[in-house]
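Novice: need a 3D model of the following:
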Amino acid sequence: MNDSRLPTSGRRYTRSFGFSRETSIQYGDVFISHQSNDRPAAEKVALTLGRMGYPCYLGIFDPSVAGNDPYLESYLRQVIGRCRALMAIVSPATRSSWWVPLEIGVALEKEKHIATFLLTEVDLPSYLWLWPMLRDDQDAVSWANDLGKYSVTQINHYWRARTRLQKRSYAG
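Specialist: Okay, here's the model as predicted:
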């Protein structure tokens, strides 16, 4: 896919997640998918993972492909394809996002590691329970540490068993 409208050296906002504040696009180990209202939580997780040696992609896109531009989907596919994993930050605000489900679908299609980071208790679509369910920074770091050691299937099996126990304890 060689489209001249896709940014080849676009800029993104990173704070200090393993890169300088404004930089040419660099792809991290983990693409952090989030609804814009959850940006502070996404930045916190990205900072934690970045400090542990796992650079994250968390960005505001090049204005030439922002918003509902049809090229944004192609751009996201390109970025997710270059990351090792996707972490979806999930809260009640996620319900209003069109992009988080698309990004999860792209990661699934490209056979990337996927995890759900649950900010608050919220009714989730059943497909979000298929992957590791992370609830805090410690879970996120543990999951990231597993990325280089185990296959997608092995990680999902381990975390699914752990999540079932957590799910039962929250059900009361």
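
Novice: wait, a strand at residue 87?
Specialist: Yes - per DSSP: H, G, I helix; E, B strand; the rest coil, residue 87 lies within a strand segment.

Novice: for it, give its distance to residue 151.
Specialist: 18 Å (Cβ to Cβ, to the nearest Å). Glycine gets a C-beta too; all of them are placed from N, C-alpha and C.

Novice: name the residue in those two with the higher neighbour count.
Specialist: Using other Cβ atoms under 10 Å as the criterion, residue 87 and residue 151 rank with residue 87 on top: 29 against 11.

Novice: relative to residue 78, how far out is that one?
Specialist: 18 Å.

Novice: which phi and psi does residue 124 have?
Specialist: phi -110, psi 150 (degrees, to the nearest 10).

Novice: what's near enough to touch it?
Specialist: 90, 116, 118 (Cβ atoms under 8 Å, 6 or more residues apart in numbering).

Novice: what about the helices in this protein?
Specialist: Ranges of helices in the chain, per DSSP state H, are 39-51, 70-82, 99-109, 137-147, 152-171.

Novice: adding mean pLDDT and distance to residue 28, write these out as CSV.
Specialist: Below are those laid out as CSV (pLDDT from 0 to 100; distance: least, Cβ to Cβ, whole Å):
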stretch, mean pLDDT, distance to residue 28
helix 39-51, 91, 8
helix 70-82, 85, 9
helix 99-109, 92, 13
helix 137-147, 90, 11
helix 152-171, 64, 18
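
Novice: between those, which one is closest to residue 33.
Specialist: helix 99-109 (4.1 Å; Cβ to Cβ).

Novice: now do the closest one against helix 70-82, angle only.
Specialist: Going by axes from the mean of the first three to the mean of the last three Cα atoms, to 10 degrees, helix 99-109 is angled at 40 degrees with respect to helix 70-82.

Novice: elements contacting helix 99-109?
Specialist: The contact analysis (3 or more Cβ pairs under 8 Å, 6 or more residues apart in numbering; DSSP states H and E) places helix 99-109 against strand 30-33, helix 70-82, strand 85-90, strand 113-118.

Novice: strand partners (parallel or antiparallel) of the first one?
Specialist: Strand pairing for strand 30-33, determined by DSSP bridges: strand 56-57 (parallel), strand 85-90 (parallel).
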